[in-house]
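Student: A structural model of the following input is requested.
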Amino acid sequence: MKTLGIKVPDALHAQFTLVAQLDGISLNDAALRAVELYVSTKRQEPDFAQRAAAALEEIEKEAAARRGAIEGLFGTNPEQVAEAAKPATSRSRKAGTEG
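Tutor: Next up is the predicted model:
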């Protein structure tokens, strides 16, 4: 679960509160229903799937660029990258505390 905080104009808040009370639900439940309705409505828009696909493509491009940057730092082999990402051994910490 995530928490969502929004600022609502006073008049709209008063109406929203009244509608929720008339429906016998909490403001939280009313807000959740409003968000669900918004998402459902957006999904039905003719170009929504196309816009979502474009956003996914952009995410994949950014991920590939970041992957390339990491591989460039540590090598192109995924095992090399994983090995380089491991934390330092406790041996180096112990050496610094002896004495």
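Student: give me the low-pLDDT residue ranges for the protein?
Tutor: For the chain, the stretches with pLDDT under 70 are 78, 80-82, 84-85, 88-99.
Student: Show me where it has its helices.
Tutor: For the chain, helices defined by DSSP state H occupy the ranges 10-23, 27-43, 48-74, 78-85, 90-97.
Student: Out of those, which gets nearest to residue 2?
Tutor: Across those, residue 2 has its closest neighbour in helix 27-43 (10.8 Å, Cβ to Cβ). The way it works is simple: take the backbone N, C-alpha and C, and place the C-beta from them, glycine included.
Student: quick one, what contacts residue 55?
Tutor: By Cβ atoms under 8 Å, 6 or more residues apart in numbering, residue 55 lies in contact with nothing.
Student: State the distance from it to residue 69.
Tutor: Noted for residue 55: a distance of 21 Å to residue 69, by Cβ to Cβ, to the nearest Å.
Student: Then residue 9?
Tutor: The spacing between residue 9 and residue 69, counted by Cβ to Cβ, is 45 Å.
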